[in-house]
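Novice: Fold the stuff below for me.
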Amino acid sequence: MLNIEVHLPFAAIAFVALGIERVLYGYCFICTNHFKKSVDESKIPGLSKVQKDGSRCNYWRCMQRLGVYIKVFQVSVCLYDLLVLDYENVKSNLLMGGMLTNPDKHVQLAAGMLLIFAGQTLNYATFKALGAKGVYYGYEFGYHVVSNEMLHNTARVSYFPYNLNINDPQYWGVVMCIFGIYLAVGASSFLIPVFELFWYTMSMQVFENERGRRWASAIYSHRKLN
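Specialist: Okay, the predicted model is just below:
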């Protein structure tokens, strides 16, 4: 059974930090026009040097740049968890070769490497299928990316990874990769992968889902009436 040990206040900080990325993506999906307006009015810092699309802002590249910035939170949380809080354990398993020399850990190491490989395969295949423009909401921003069916109806896509009949394969790829890393290094706690699973599930079910748009529209309409 996976251990989910909680270190406060790190757990609370990590939960919020990991959620920033998913909330940002949800904001761009649900409030696309507001995001575009904010970019046009230079209200979002760090985007002044993003390559423009002719005379207008290149929205999908702005989203790509923000995605790179926000990844710092995700990577920092994982590194702190593994290399600071769990340093002695990771050192023994990874640097001292514990995962290789201990036969009892070979299955765990193999499972971790398999998840990393499968996760990265899904991520690479998604980028190859949609391109960077498609991945970073090019369609929502009004750019010509690929067919509407490819982006919004995976049942009509005939090539990998959308022929697996799973929604958001790139997000499942990230979750698989993170769990794989923690398994492969023999981490003592899987709290961070569980946090990631929670936030990516929120993205798939609410933040980057038509359900989220309907809820946001209902809340906005209610506020206008009051």
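Novice: Quick one: residues contacting residue 115.
Specialist: Counting by CB atoms under 8 Å, 6 or more residues apart in numbering, residue 115 touches 176, 177, 179, 180, 183. From N, CA and C alone the C-beta is placed, and that goes for glycine too.
Novice: Kindly indicate which of those lies nearest residue 15.
Specialist: Nearest to residue 15 among the contacts of residue 115, counting by CB to CB, is residue 179 at 17.0 Å.
Novice: burial of the closest one, as a residue count?
Specialist: Residue 179 is flanked by 23 other residues according to other CB atoms under 10 Å.
Novice: and the gap between it and residue 48?
Specialist: Separation of residue 179 from residue 48 (CB to CB, to the nearest Å): 37 Å.
Novice: mind checking how far residue 11 is from residue 191?
Specialist: Taking CB to CB as the measure, residue 11 falls 6 Å from residue 191.
Novice: Residue 118 too?
Specialist: For residue 118 relative to residue 191 (CB to CB), the value is 22 Å.
Novice: and if you look at residue 122?
Specialist: Distance, residue 122 to residue 191, by CB to CB: 23 Å.
Novice: what about those two, which has more around it?
Specialist: The residue with more neighbours, out of residue 122 and residue 191, is residue 122; 24 against 21, by other CB under 10 Å.
Novice: Run a quick neighbour tally on the residue lying closest to the more buried one once chain neighbours are set aside.
Specialist: In space, and not counting its chain neighbours, residue 122 is closest to residue 173: 3.1 Å by CB to CB, 6 or more residues apart in numbering. Counted with other CB under 10 Å, the neighbours of residue 173 add up to 23.
Novice: Extract the CA atoms of stretch 186-199 and return them as PDB.
Specialist: Extracted in PDB, the C-alpha atoms of stretch 186-199 (Å, rounded to 0.1, in the frame of the first residue of the first chain):
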ATOM      1  CA  GLY A 186      11.600   4.300  -3.700                       C
ATOM      2  CA  ALA A 187      10.000   7.400  -2.200                       C
ATOM      3  CA  SER A 188       8.700   6.900   1.400                       C
ATOM      4  CA  SER A 189       5.600   9.000   0.800                       C
ATOM      5  CA  PHE A 190       3.300   9.400  -2.200                       C
ATOM      6  CA  LEU A 191       1.400  12.500  -0.900                       C
ATOM      7  CA  ILE A 192       2.600  14.600  -3.800                       C
ATOM      8  CA  PRO A 193       1.600  12.200  -6.600                       C
ATOM      9  CA  VAL A 194      -1.800  11.900  -4.900                       C
ATOM     10  CA  PHE A 195      -2.100  15.700  -4.900                       C
ATOM     11  CA  GLU A 196      -1.200  15.700  -8.600                       C
ATOM     12  CA  LEU A 197      -3.800  13.100  -9.300                       C
ATOM     13  CA  PHE A 198      -6.400  15.200  -7.500                       C
ATOM     14  CA  TRP A 199      -5.600  18.400  -9.400                       C
END
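Novice: Show me what counts as buried in that stretch.
Specialist: 186-197, 199 (16 or more other CB atoms under 10 Å).
Novice: just stretch 38-54 next, same as before
Specialist: Across stretch 38-54, burial judged by 16+ other CB under 10 Å covers 39, 47, 50.
Novice: Check stretch 77-93 too.
Specialist: Within stretch 77-93, the residues scored as buried using 16+ other CB under 10 Å are 77, 78, 80, 81, 82, 85, 86, 89, 90, 93.
Novice: Between these, which sits nearest residue 103?
Specialist: Nearest to residue 103, judged by CB to CB, of the buried residues of stretch 77-93 is residue 93 at 13.6 Å.
Novice: Great, nothing more from me.
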